[in-house]
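Engineer: Below are the sequence and a predicted model for it; my questions follow.
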Amino acid sequence: MAMARTDLFARRLFVRGGLATGAAIDLDPGQVNHVVNVLRMVEGDAVGVFNGRDGEWGARLVAAGRKHWQLAVAERTRPQPAAPDLHYLFAPLKQSRLDYMVEKAVEMGVGRLRPVLTRHGQVARVNRARMEANAIGAAVQCGILSVPAIDEPQPLARLLAGWADDEPGRRIVFCDEAADGGDPLAVLAGLPTSTLAVLVGPEGGFAADERAALHALPFVTALPLGPRILRADTAAVAALALIQATLGDWRAAGPG
């Protein structure tokens, strides 16, 4: 079923409160600055509003006092779709590249972001609040109504040890920088039907024992990404595009 086309020129806001006809949503100072000073909106202007749970609603900007603005919610304009069921597992990157990766993962239909700690990783912590802000920004800009869940980082070995119990039936497609050639489309076409997670390692690549452990697991498939070594954020976009085009929602979505 094709998704309804989104008006990308419309002004949109993400809020955390519940949405219903007649609801009044208070804007926080950052939102007030954005709508009044950046977007130059005035009282009565229309805005689309979503919270990741209740679909998208039409609303109007209302001045409720000095520096106090609200959204008066009217009618729902789009129902809430099911959240994407594609997980993205990644070694944390330095901040600017992590910002880019989060934005692109949301645009590419990822429903859960799962940082993993690897031997050659350069970053051991992530700023989850900043990741969420980037995810929300991408959803706002691209007309997406779901905001992905963001996990705490965990070591790769621990993730793999508990995977069969925690994620029964979900296959990991790991982007193997050391794979010998091969056609990634053929690899993906040969996978059994299942839910998926994509795993991309750090800039320094997986350690030899990490690669060996991944190759030994029955729920893991190695995916080559061509003859060139890709940076981790580039590999994310390449792998997600391949998966969405061959196994994901690009095949049947139509214009959206």
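Structural biologist: All right, it came through fine.
Engineer: tell me the SS of the residue nearest the centre of the chain?
Structural biologist: With distances taken as CA atoms, centre = their mean, the residue of the chain nearest its centroid is residue 106 (2.8 Å). Put simply, residue 106 is helix when judged by DSSP: H, G, I helix; E, B strand; the rest coil.
Engineer: I'd like the distance between it and residue 96.
Structural biologist: Residue 106 is 17 Å from residue 96, where distance means CB to CB, to the nearest Å. C-beta here means a position set from N, CA and C on the backbone, and glycine is covered the same way.
Engineer: Would you enumerate the residues in contact with the residue nearest to the centre of the chain?
Structural biologist: 134-135, 138-139, 142, 144, 147-148 (CB atoms under 8 Å, 6 or more residues apart in numbering).
Engineer: any idea which of these is least confident?
Structural biologist: Ranked by pLDDT, the contacts of residue 106 bottom out at residue 142, which scores 92.
Engineer: before we move on, the earlier item: can you tell me the element the residue lying closest to the residue nearest to the centre of the chain once chain neighbours are set aside falls in?
Structural biologist: Leaving aside its chain neighbours, residue 106 sits nearest to residue 138 (4.0 Å; criterion: CB to CB, 6 or more residues apart in numbering). Residue 138 belongs to helix 128-142 when elements are defined using DSSP states H and E.
Engineer: elements contacting the following helix or strand past that helix?
Structural biologist: Once the chain leaves helix 128-142, the next helix or strand it forms, by DSSP H and E, is strand 149-150. Judged by 3 or more CB pairs under 8 Å, 6 or more residues apart in numbering; DSSP states H and E, the packing partners of strand 149-150 are strand 112-117, helix 128-142.
Engineer: Just send the ones you listed back as CSV, with distance to residue 155 too.
Structural biologist: Shown next, in CSV, are the helices and strands packed on strand 149-150 (distance: least, CB to CB, whole Å):
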stretch, distance to residue 155
strand 112-117, 5
helix 128-142, 17
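Engineer: all helices for the stretch 151-256 of the chain, in order.
Structural biologist: 156-166, 184-189, 208-216, 232-246 (DSSP state H, counting those that start in this stretch).
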